[in-house]
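[1] only geometry, no sequence info:
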């Protein structure tokens, strides 16, 4: 039923008109209903067209404001934008003070923009696969741009943006500690570093320091540092242009394919782990016996793994 | 070689004297050298005696100061303490301003205390299994108490403390947002909530709010909220007493066994996932073909998983 409706919505190519259907599909995917797989399985050929942008950084850095500004900027070119907020403190997820929410209204009502938040609770299948499945649905539905917003501290959050096509880290001039707190994997993979709220003191010093750290980095495309004041729209056009430039360069250098292959690899491994576990562990009495034996110190964890592997013909 | 030395160190029961050997074992485990498994496999019977305490919370909440105070408090009773800091912003990990480090010195030099930081980078086998293996070594070596310190935002960090015996969340009176940002799993599992820096305004309001939220929680042992000012040693004795009371109650109610069985289950599954992947995926040409086919949109992710499972006799 929903699959037919979704296929119809995809075929119509009218982003603003069928958001309610997209919304139902996303809810299904978030709740990991069995129909979700069927829908994605039937529409996977429609995916891959959207450019996926991961935006991450510490709480309070102004990620949501930047995402709003970027979405408006892309919309002005006639593009369609899906936003997926995986950050419980984001105004998009309702975790904001009133002033923020007011500012968000202009984009939440925009016909070319669709916003969705993903609660981190209850994603038993893993946050990264769930976020990716939801992005796939947005992609099939017709989003030209998909923006993930996550808090850049936990590994799952980092994994989401890490497999995006363009990775943006938003910092503030006082972010010295936050840079340390961030997973080094993220510092190594990010394409754009934004120093937001850069009307504050020390933004130039921080920019210089960050740039000298980044100089040591090796990669296909050198990262860029841009100063912004998102609330006053300072630097946001430059960020938009930088994303477009990065997209072009990514396609030319093969970075795009490299990242997308890595994304497939990650998702395939996650899906296999889950399938293996479902197929074997949960219904297997031997597993429970082994776990109990480890708990009771009758056997070591390593010996137990060897036992289970021996009984599993791989 | 190292195994023999470690066994000797364990047999001597002199916590202060063989820290250098423990240190070498921990480095081996952190780097996931093959000898590490052998060592743990040969000493697993020596583990399980330490009481493991997970301390987590947002950056700047004062976790390290609290951990120092608690460690000193336990040491005064003649106990031995291992601290494992999995927080790159922790003074224990070197991510601190000078004043903090100075304050830490008194405990870093204490004969009954051993401090180790775990870099989050490069734990390819997963942060949680690595932290647990390192804690196992500390446990076998003779620590009565093991304290994990982590930043409570990412899922891995939460998983570390979640499987501890006593789980402590450190907040500050202004932590409203941080509570939202924290994984709900953590809010549901924590045993003690500390409102640190509670000489600040609003600490009573925050305490009341937190307590009314926690009243809704169902669990074996009701959680406790304690106000502290760790830098002035206000409330830290109360925290120590609360940990001892929780340990006693955990043993009586069976919560201890429940958590430890859950820990074994988690670690066993992780180890199996890793073993499966190693045994099958990496050397299998079929996997690479399948991943490439998904990348090229010749086949859906789900169909690919089914194909691989079909070729894998489970």
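    Received the coordinates, thanks. Because the structure is a prediction, the values reported are computed rather than measured.
[2] Report whether the helix or strand containing residue A:302 contacts chain B.
    Taking DSSP states H and E as the criterion, residue A:302 maps to helix A:301-310. Yes - counting by C-beta under 8 Å from any C-beta of the partner chain, chain B has neighbours in helix A:301-310: A:301-305, A:308-309. In this view, the C-beta of every residue, glycine as well, is placed from N, C-alpha and C.
[3] What subset of the residues you listed is buried?
    A:301-302, A:304-305, A:308-309 (16 or more other C-beta atoms under 10 Å in any protein chain shown).
[4] Give me the contact list for the biggest helix by length in chain A.
    Secondary structure of chain A per DSSP state H: the longest helix is helix A:255-276. By C-beta atoms under 8 Å, 6 or more residues apart in numbering or on different chains, the residues outside helix A:255-276 that reach it are A:48, A:125-126, A:128-129, A:132, A:159, A:163-165, A:220-221, A:247, A:249-250, B:273, B:276-277, B:281, B:287, B:290-292, B:294-295, B:301-302, B:304-305, B:308-309, B:312, B:314.
[5] what do you get for stretch A:200-216?
    Contacts of stretch A:200-216 (C-beta under 8 Å, 6+ apart): A:171-176, A:179, A:187, A:193, A:195, A:197-198, A:222-223, A:225, A:227.
[6] can you rerun that using 10 Å?
    With contact meaning C-beta atoms under 10 Å, 6 or more residues apart in numbering or on different chains, stretch A:200-216 is reached by A:169, A:171-176, A:179, A:187-188, A:190, A:193, A:195-198, A:222-229.
[7] tell me which residues of that stretch are tucked away?
    Buried-residue list, stretch A:200-216, by 16+ other C-beta under 10 Å: A:203, A:206-207, A:210, A:214.
[8] Take the residues you listed and keep only those in helices.
    A:203, A:206-207, A:210, A:214.
[9] how far off helix A:255-276 does the helix or strand hosting residue A:55 point, in degrees?
    Assigned by DSSP H and E, residue A:55 belongs to strand A:51-57. With axes from the mean of the first three to the mean of the last three C-alpha atoms, to 10 degrees defining the directions, strand A:51-57 sits at 80 degrees from helix A:255-276.
[10] who does strand A:51-57 pair up with?
    Here strand A:51-57 is paired, per DSSP bridges, with strand A:145-151 (parallel), strand A:166-171 (parallel).
[11] residues of that strand that come out buried?
    Result for strand A:51-57 [16+ other C-beta under 10 Å]: buried residues A:51-57.
[12] hmm, back to that, the ones in helices among the buried residues of stretch A:200-216 into a markdown table, with extra columns for pLDDT?
    As requested, these are exported to a markdown table (pLDDT from 0 to 100):
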| residue | pLDDT |
| --- | --- |
| A:203 | 89 |
| A:206 | 86 |
| A:207 | 89 |
| A:210 | 84 |
| A:214 | 82 |
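[13] Which stretches in the stretch 101-250 of chain A count as strands?
    Ranges of strands in the stretch 101-250 of chain A, per DSSP state E, counting those that start in this stretch, are A:113-117, A:145-151, A:166-171, A:192-195, A:224-227.
[14] pLDDT of the fourth one, averaged?
    When the per-residue pLDDT values of strand A:192-195 are averaged, the result is 94.
[15] Over to the last one?
    Looking at strand A:224-227 alone, the average pLDDT works out to 94.
[16] Model confidence for residue A:131, exactly?
    Looking at residue A:131, the pLDDT reads 92.
[17] Report the contact partners of it.
    Applying C-beta under 10 Å, 6+ apart, the residues near residue A:131 are A:29-30, A:54, A:84, A:86, A:118, A:120, A:123, A:148, A:150, A:156-157, A:159-161, A:163.
[18] and if we set it to 6 Å?
    If a contact means C-beta atoms under 6 Å, 6 or more residues apart in numbering or on different chains, then residue A:131 has A:86, A:118, A:160 as its contacts.
[19] From the residues you listed, which land in helices?
    Assignment to helices by DSSP H places the following of the contacts of residue A:131 there: residue A:160.
[20] For the contacts of residue A:131, give me a markdown table that also has neighbour count and distance to residue B:109.
    Below are the contacts of residue A:131 laid out as a markdown table (neighbours: other C-beta atoms under 10 Å in any protein chain shown; distance: C-beta to C-beta, whole Å):
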| residue | neighbour count | distance to residue B:109 |
| --- | --- | --- |
| A:86 | 28 | 43 |
| A:118 | 25 | 47 |
| A:160 | 27 | 42 |
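[21] Stretch A:239-259: which residues count as buried?
    A:239-240, A:242-243, A:246-247, A:250, A:255-256, A:259.
[22] And for residue A:69, the neighbour number?
    23 (other C-beta atoms under 10 Å in any protein chain shown).
[23] before we move on, the earlier item: how about the strands of the stretch 101-250 of chain A in TSV, adding distance to residue A:1 and mean neighbour count?
    As requested, these are arranged in TSV below (distance: least, C-beta to C-beta, whole Å; neighbours: other C-beta atoms under 10 Å in any protein chain shown):
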stretch	distance to residue A:1	mean neighbour count
strand A:113-117	21	22
strand A:145-151	26	27
strand A:166-171	36	27
strand A:192-195	42	25
strand A:224-227	46	18
